[in-house]
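I would like the atomic coordinates for the input below:
(chains A and B)
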Amino acid sequence: MHYHFLDPYRPAKSVLHTLDPRVKLVLTVAFILAVALAPTAAWPLYTLLLALAVAAAVAAELGVTYALKRALLALPFALAALPSLFTLPGARLFSLQIGQWVLTATEPGLQRVLSVVLKSWISMQAAVLLTATTEFPDLLVAMRAIGVPRLLVAIFGLMWRYLFVLVDEAIRLIRARDARSGSPMGQGGRTVWWRARVTGGMAGNLFLRGYERSERIYAAMAARGYDGEVRTFPQPPLNIGQIIVLIGGLISLGALTLLGIWFW
Amino acid sequence: MVKTTSQEILIKNLNFSYPDGQMALSNVSLEIQRGERVAIVGPNGAGKSTLLLHLNGILRGDGRVRVAGLEVPGASDGALRRVRAAVGLVFQNPDDQLFSPTVFDDVAFGPLYMELPPQEVDRRVTRALAWVGMEEYAGRVSHHLSTGEKKRIAIATVLAMEPRLLALDEPSAGLDPRARRSLIELLCTLPQTLVVSTHDMRLVQELCPRTVILDQGRLVADGSTQEILNDEVLLNTHGLERP
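Residues are numbered from 1 along each chain as shown, chains lettered A, B, ... in the order given. As a prediction, the model looks like this:
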């Protein structure tokens, strides 16, 4: 079976792969919530949460570093926390002079930034593990089962289905451009401005194709009776073992959160 | 006027133009009996797909369209739903037809919208996939399939609705010879009334005893496939060639 390079799913038969997607989804969201609720500078608590994430990665037979590396993708978003380095009051670390502005970094500011970066990195690992051990269609079923609005789930489903089609279409466009970007002298390529315009045209082309495709898909849905209501199969109930895993996981994460609130 | 009960499709003086004013069908009249296999041939842009989209009310032009005993234009929501259950429309590009995360979800889509109980939906999905020889693909993701496989599953998605009539748009487009051959064999096994829009004249020859030529939105010929395929002048005039 062939997997698209964009598909984060890594097939295996581990404990985590076989766990019910609903349980995995709830535990992942609970884990991310527990990480988000952990107070600033609660370093031992972060270590515990990180250990949990790494243990899960090992249980999923993905190797220790897999999720650690992939989760780094979230770091650019954590930069949004950077201003708090200078805005929190406290002991002065260093000052920067930009024109007539003086920015003073403080110790609580530094702790806040490091905490945010670390927390987003740990949260991201849980999401990476969830998508690496659960096939996306199962994840959609799980979202529906735990009460995510059906229309939203249907949109995720369509996005997932057509993301690949769209990526393939974009790759074909780029290939077609490259195939005609030759020059007998081995030079040329014109100006950056011109090339940017070509790329803009390609993006517009892709958009129009996507738009037309959406009309055809809607016709295909309507032809099979779609009436705006999203209908799906009922799900079987969880078995006792999975309920135990779910409750056990939730209690542990709740305990970690309380630990954080009491001690820091 | 009394009509026999075996009449499956009646189209009378149908006109349709797209919102941009482009005329797609002009004064088309056509009658098809139950169990017939009819090919609609014609050059690109002749209005073949547009005509198929009228069969279950996706498009509604001026004129009379009666399918499976139901008047399509001006149909109530309930009647429209019955028409859509009676007519299985297979689109040209299977990527447009297969919009669900897995093959099973796609084949189950129609039956689910028919409000069938879950066991019945399950049974129909299994049967439809078995009919097209794709039983083992239920759990697969459509994106990873070949065009021929997608095509078969696209047909299963409408077979699961157990329609009386199948309308296929360019069923053999983009298939390699082997996939095309096995598709034709599959279509020959289907008991439903078939309306096939195509310019694959060999498929027409093998599958459909009757052929209709559409050119620039007009119905220019309607007769036995053998006669039409032998009329080289007629075929050439309308941008077609003999198989």
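
Low-confidence regions, chain B specifically.
Scanning chain B for pLDDT under 70 picks out the ranges B:1-5.

go with 80
B:1-5, B:73-75 (pLDDT under 80).

in it, which residue is closest to the centre?
Closest residue to the average C-alpha location of chain B: B:Ala167 at 1.3 Å, with C-alpha atoms, centre = their mean.

Ramachandran angles for it?
B:Ala167 adopts backbone torsions of phi -120, psi 120, taken as degrees, to the nearest 10.

quick check: domain ranges of chain A?
A:10-144+A:236-263, A:160-223 (automatic domain parsing).

and among these, the most buried is which?
domain A:10-144+A:236-263 (a mean of 16; mean count of other C-beta atoms under 10 Å in any protein chain shown). From N, CA and C alone the C-beta is placed, and that goes for glycine too.

what about that domain, near chain B?
Yes - using C-beta under 8 Å from any C-beta of the partner chain, we find that domain A:10-144+A:236-263 touches chain B at A:Glu135, A:Phe136, A:Pro137, A:Leu140.

ok, which residues in chain B are in contact with chain A?
B:53, B:56, B:58, B:77, B:81, B:84-85, B:87, B:89, B:91, B:93, B:95-102, B:105, B:108-110, B:112-114, B:118, B:121, B:140-144, B:157-158, B:161.

how about the closest residue to chain B within the stretch 51-200 of chain A, what does it touch?
Closest residue of the stretch 51-200 of chain A to chain B, C-beta to the nearest C-beta: A:Pro137 (3.6 Å). Listed by C-beta atoms under 8 Å, 6 or more residues apart in numbering or on different chains, the contact partners of A:Pro137 are A:Gly157, B:Pro101, B:Thr102, B:Asp105, B:Val141.

Quick check: the spatially most central residue of chain A vs B:Ile58, distance?
Chain A has A:Ala127 as the residue nearest its centroid, 6.0 Å off, counting by C-alpha atoms, centre = their mean. Per C-beta to C-beta, to the nearest Å, A:Ala127 is found 39 Å from B:Ile58.

Now residue 40: closest residue in space, sequence neighbours ignored.
Going with chain A. A:Ser115 (4.6 Å; C-beta to C-beta, 6 or more residues apart in numbering or on different chains).

hmm, I had chain B in mind actually
Closest to B:Ile40 by C-beta to C-beta, 6+ apart is B:Ser197, at 4.5 Å.

before we move on, back to that, can you lay out the domains of chain A as TSV showing mean pLDDT?
Below are those laid out as TSV (pLDDT from 0 to 100):
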stretch	mean pLDDT
domain A:10-144+A:236-263	90
domain A:160-223	85
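
neighbours of the residue nearest to B:Ile40, just the number please.
Neighbourhood size, B:Ser197 [other C-beta atoms under 10 Å in any protein chain shown]: 24.

That one: what's it in contact with?
Taking C-beta under 8 Å, 6+ apart, one finds B:Ala39, B:Ile40, B:Val41, B:Lys48, B:Ser49, B:Leu51, B:Leu52, B:Ala167, B:Leu168, B:Asp169, B:Glu170 in contact with B:Ser197.

do that again at 7 Å, thanks
B:Ile40, B:Lys48, B:Ser49, B:Leu52, B:Asp169, B:Glu170 (C-beta atoms under 7 Å, 6 or more residues apart in numbering or on different chains).

Quick check: the gap between it and chain A.
B:Ser197 sits at a distance of 14 Å from chain A (criterion: C-beta to the nearest C-beta, to the nearest Å).

Against B:Ser142, how distant is A:Thr131?
From A:Thr131 to B:Ser142 the distance is 19 Å (C-beta to C-beta).

can you pull out the helices in the stretch 1-150 of chain A?
A:15-18, A:21-37, A:43-59, A:64-70, A:75-78, A:84-87, A:107-133, A:136-145, A:150-179 (DSSP state H, counting those that start in this stretch).

Excluding chain neighbours, what is closest to A:Ala142?
A:Ala142's closest residue in space is A:Pro21 (C-beta to C-beta, 6+ apart), at 3.8 Å.

for chain A, what's the longest helix?
helix A:192-223 (DSSP state H).

gap between it and the chain center?
25 Å (C-alpha atoms, centre = their mean, to the nearest Å).

Following element in sequence after it, please.
helix A:240-263 (DSSP states H and E).

and that next one, how far from the chain's centre?
For helix A:240-263, the distance to the chain centre is 23 Å (C-alpha atoms, centre = their mean).

Show me what it is in contact with.
A:19-20, A:23, A:26-27, A:30-31, A:34, A:37-39, A:42, A:45, A:48-49.

Could I get the CA-only coordinates of that helix as PDB?
In PDB, the C-alpha atoms belonging to helix A:240-263 read as follows (Å, rounded to 0.1, in the frame of the first residue of the first chain):
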ATOM      1  CA  ILE A 240     -14.500  -2.300  29.000                       C
ATOM      2  CA  GLY A 241     -10.700  -2.300  28.500                       C
ATOM      3  CA  GLN A 242     -10.800   0.800  26.400                       C
ATOM      4  CA  ILE A 243     -13.000   2.500  29.000                       C
ATOM      5  CA  ILE A 244     -10.400   1.700  31.700                       C
ATOM      6  CA  VAL A 245      -7.600   3.100  29.600                       C
ATOM      7  CA  LEU A 246      -9.700   6.300  29.000                       C
ATOM      8  CA  ILE A 247     -10.600   6.800  32.600                       C
ATOM      9  CA  GLY A 248      -7.200   5.900  33.900                       C
ATOM     10  CA  GLY A 249      -5.600   8.400  31.400                       C
ATOM     11  CA  LEU A 250      -8.000  11.200  32.300                       C
ATOM     12  CA  ILE A 251      -7.400  10.700  36.100                       C
ATOM     13  CA  SER A 252      -3.600  10.700  35.600                       C
ATOM     14  CA  LEU A 253      -3.700  13.900  33.500                       C
ATOM     15  CA  GLY A 254      -6.100  15.500  36.000                       C
ATOM     16  CA  ALA A 255      -3.700  14.600  38.800                       C
ATOM     17  CA  LEU A 256      -0.800  16.100  37.000                       C
ATOM     18  CA  THR A 257      -2.700  19.300  36.500                       C
ATOM     19  CA  LEU A 258      -3.600  19.500  40.200                       C
ATOM     20  CA  LEU A 259       0.000  18.800  41.100                       C
ATOM     21  CA  GLY A 260       1.000  21.800  38.900                       C
ATOM     22  CA  ILE A 261      -1.600  24.100  40.400                       C
ATOM     23  CA  TRP A 262      -0.700  23.200  44.100                       C
ATOM     24  CA  PHE A 263       3.100  23.300  43.900                       C
END
